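# Sequence first, then the predicted structure:
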Number of protein chains: 2
Amino acid sequence: MKRVLLKIGYDGTAYHGWQVQPNGITVQSTLQDAIEKMLGKRLAVTGCSRTDAGVHAKEFFCHLDCDETLPETAFVRGLSALLPSDISVLDAKEVAPDFHARYSAKGKTYIYRIFNRNIKDPFLSRYTWQIERSLNIEKMNEFCKSLVGKHDFYAFSSSGRTVTDTVRTVSDCFVWERDGIVSLSITADGFLYNMVRIIVGTAVSVSDGKISPCDTEMILSSKAREKAGITAPPQGLMLDKVYYQECELNA
Amino acid sequence: MKRVLLKIGYDGTAYHGWQVQPNGITVQSTLQDAIEKMLGKRLAVTGCSRTDAGVHAKEFFCHLDCDETLPETAFVRGLSALLPSDISVLDAKEVAPDFHARYSAKGKTYIYRIFNRNIKDPFLSRYTWQIERSLNIEKMNEFCKSLVGKHDFYAFSSSGRTVTDTVRTVSDCFVWERDGIVSLSITADGFLYNMVRIIVGTAVSVSDGKISPCDTEMILSSKAREKAGITAPPQGLMLDKVYYQECELNA
């Protein structure tokens, strides 16, 4: 039995998120279908996180156990060819049997994109949240900076959360603007349910002057979801990077 | 009665091209639906060209005649809001009654994008033709240069052509590579049915060494479609610019 770690990428527009659902096509089920076509049997695939419906991944990792000794190219080329055009296998490698796509991850970076213009762009609607009023990058960055560190992010998570420990360490969080696209990048050791989207919604409230960047501590300690901003829509969110220890990646 | 010129943009993936079809949703029919919602009556819209199914437009012009004196914003804002997310109205202005979106156009620039890597990219599949073998940019540019000038492009058009005069003047044609994307830009006073896609297919044959850049004159004078390369797939094609005389744009 060999454990294989796949690095995939996907445009999440057409999917009900990563995780298999009773109704609706998911990335996980689509990947399992393609593996079944290739290997002739259905294998379970474990992902590094549960992205929501409409969320994208520039890179996403998942592992599976199989008996066959297949060359990497069988996954990168063969499996990619069996998948629809919006999912791609970018890399495959054998890892130790105790390596886990989710639990071995040391951290992740998400990038959220806002299209900050007052004209519709038909090529950006799948990948951005459009906000017409001008955003205040400086204030958003003040708020982002106040999130860096080890905090209980309970107030920045939705009721769908599945964990009891809501303390996470944000190592980096910042905003920049280019060609009308305002991007927020956040890196942490882990993320709660809807955490990035609520942080983005709150950053926009800070830009609008409805929440002060000085309120962060109050919001965090209140543990009250309603003190934070709205949950930003999914299509602007992209899982950008997943971090593993190099030594663990070599079986 | 006022003639209004609309500048729109669209992601053509979901559409059976611009022109109204008996079966299938087109950009033209979708735009006419939205205008009907806004004005309460159905108006004919005349486009600057007939883009094929799956072809995109960064800018595309069309005109319509209406009795109402509507502010520009009614079209740019109101109509955009009534359209699906993959079609946008970018600009609107009143033009002279004899201005014609198609016949007043002095020329157009199309850009065709090829993704020249051997790995699938889930975010580029809607907008590029993927070719895994390495392309020879220099040879492609030699071929492109040989097209510049006034020629009978009959051999570079499909049997679906609707015109009898197949002479066109190409003022510019070149290829460049950036981040694995090979782009071909072509500017001409007009284009025949499938002309850009056949030119791209031929440029790829030239890169592959199946056709020599010196063969252009022979292909043109043969007036034989089969001498040219294949018709490149539609999703890589984008109408980039449409040229009108500035003075004509002011009613």
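Good, I have the coordinates.

# what's the burial count for A:Pro234?
A:Pro234: 19 surrounding residues under other CB atoms under 10 Å in any protein chain shown. All C-beta spots, glycine's among them, are computed from the backbone N, C-alpha and C.

# Can you name the residues that contact the residue lying closest to it once chain neighbours are set aside?
By the measure of CB to CB, 6 or more residues apart in numbering or on different chains, the closest residue to A:Pro234 outside its immediate chain neighbours is A:Gly54, 3.6 Å from it. Residues near A:Gly54 by CB atoms under 8 Å, 6 or more residues apart in numbering or on different chains: A:Gly12, A:Thr13, A:Tyr15, A:Gly17, A:Pro233, A:Pro234, A:Gln235.

# Surely the second one and A:Ser85 touch.
Which is A:Thr13. No - assessed by CB atoms under 8 Å, A:Thr13 is found out of contact with A:Ser85, at 11.7 Å.

# ok so the residue nearest to A:Pro234 is a helix residue?
No - A:Gly54: not assigned to a helix; according to DSSP: H, G, I helix; E, B strand; the rest coil it is coil.

# re earlier: which one of the contacts of A:Gly54 sits in the busiest neighbourhood?
Busiest of the contacts of A:Gly54 [other CB under 10 Å] is A:Gly12, holding 28 neighbours.

# Now do the buried residues in stretch A:95-115.
Of all the residues in stretch A:95-115, those buried under the rule 16 or more other CB atoms under 10 Å in any protein chain shown are A:95, A:99-101, A:104-105, A:107-115.

# same question, stretch A:136-149
Going by 16+ other CB under 10 Å, stretch A:136-149 has these buried residues: A:Asn136, A:Ile137, A:Lys139, A:Met140, A:Asn141, A:Glu142, A:Phe143, A:Cys144, A:Ser146, A:Leu147, A:Val148.

# in chain A, which spans are helices?
Using DSSP state H, the helices found in chain A span residues A:27-39, A:72-73, A:80-82, A:137-147, A:195-207, A:216-222.

# mind checking how far stretch A:42-56 is from the chain centre?
10 Å (CA atoms, centre = their mean, to the nearest Å).

# first to last residue in that stretch, what's the distance?
Chord length of stretch A:42-56, first to last residue, is 25 Å (CA to CA, to the nearest Å).

# That one - what's its average pLDDT?
The pLDDT scores in stretch A:42-56 average 92.

# can you check stretch A:115-127 too?
Mean predicted lDDT for stretch A:115-127 stands at 95.

# ok, is it in contact with chain B or not?
Yes - where contact is defined by CB under 8 Å from any CB of the partner chain, part of stretch A:115-127 touches chain B, namely A:Ile119, A:Lys120, A:Asp121, A:Pro122, A:Phe123, A:Ser125, A:Arg126, A:Tyr127.

# And these, which is closest to B:Asp172?
Within the residues of stretch A:115-127 next to chain B, the smallest distance to B:Asp172 is 23.7 Å, found for A:Phe123 (CB to CB).

# residues in contact with that closest one?
B:Gly9, B:Asp11, B:His56, B:Tyr127.

# ok, now how distant is it from A:Thr51?
For A:Phe123, the distance to A:Thr51 (CB to CB, to the nearest Å) stands at 22 Å.

# Pull the distance from stretch A:150-159 to the chain's centre.
The answer for stretch A:150-159 is 16 Å, by CA atoms, centre = their mean.

# And the strands in the stretch 101-250 of chain A, which stretches?
A:107-115, A:129-130, A:149-152, A:167-178, A:181-188, A:237-243 (DSSP state E, counting those that start in this stretch).

# The ones you listed into JSON lines, with extra columns for distance to A:Leu31?
Converted to JSON lines, the strands of the stretch 101-250 of chain A look like this (distance: least, CB to CB, whole Å):
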{"stretch": "strand A:107-115", "distance to A:Leu31": "19"}
{"stretch": "strand A:129-130", "distance to A:Leu31": "27"}
{"stretch": "strand A:149-152", "distance to A:Leu31": "34"}
{"stretch": "strand A:167-178", "distance to A:Leu31": "27"}
{"stretch": "strand A:181-188", "distance to A:Leu31": "25"}
{"stretch": "strand A:237-243", "distance to A:Leu31": "15"}
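
# can you tell which of those is closest to A:Met1?
strand A:237-243 (23.7 Å).

# what packs against the closest one?
Secondary-structure packing of strand A:237-243 (3 or more CB pairs under 8 Å, 6 or more residues apart in numbering or on different chains; DSSP states H and E): strand A:56-66, strand A:107-115, helix A:195-207.

# any idea which of the ones you listed is most buried?
helix A:195-207 (a mean of 25; mean count of other CB atoms under 10 Å in any protein chain shown).
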